[in-house]
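> build me a model from this:
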Amino acid sequence: MRHRGRSVSTCRCHGVTSGRRRGQPVVLGFSIGAYAVLNTCGLLLLRAALRDRSLADRVELLVDPRLLGGLALYVLGFLTWIATLSRYQLSTVYPIFVGVSYVSIAVASAVVLGEDLTATKLLGITLVGVGVLFVVH
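The predicted structure follows:
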């Protein structure tokens, strides 16, 4: 179905019109990149704030700038996800966002936090990447 210069699909469950506008792969790519950076940096900051702390240190933890910054970045990533979801099909963007997040977090946690990046994880990253390519095409 076409509506004002864009392809549109109608959701059968609610009759809601949504769809992907033609010529917007750059916008989707930017959204994926922004989400990956915000989500990954947010989680790295959260992990750094929680490292070597028990939950008994709750008061100190609540004012830790790494925790607050991590939460802020994570919320911005979530808002990016919501904005993207409003424009594109869930069955397309969800696997892409999850796949890109898995890869970026695995690599960044190895580089920044010194976590293990085993051969099994590298194989998993490769398979996730191939799966994302199948979803995109």
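> listing request: residues of the protein with sub-threshold pLDDT.
1-23, 55 (pLDDT under 70).
> swap the cut-off to 50 and go again
Counting by pLDDT under 50, the chain has low-confidence residues at 1-4, 7-20, 23.
> check which residues of whatever helix or strand Arg47 lives in are buried.
Under the criterion of DSSP states H and E, Arg47 resides in helix 25-50. For helix 25-50, the neighbour count (16 or more other C-beta atoms under 10 Å) marks 28, 31-32, 34-50 as buried. For glycine as for every other residue, the C-beta is placed from the backbone atoms N, C-alpha and C.
> try stretch 81-95
Residues 81, 84, 88, 93, 95 are the ones in stretch 81-95 that count as buried (16+ other C-beta under 10 Å).
> not counting sequence-adjacent ones, nearest residue to the second one?
Closest residue to Thr84 apart from its sequence neighbours, by C-beta to C-beta, 6 or more residues apart in numbering: Ser31 at 4.3 Å.
> same thing with the last one?
On the basis of C-beta to C-beta, 6+ apart, the spatially nearest residue to Pro95 that is not a chain neighbour turns out to be Val135, at 4.5 Å.
> could you do Ile96 as well?
Excluding the flanking residues, the one nearest Ile96 by C-beta to C-beta, 6+ apart is Val132, at 5.6 Å.
> count the residues that sit near that neighbour.
Using other C-beta atoms under 10 Å, the number of residues around Val132 comes to 19.
> that'll do, ta.
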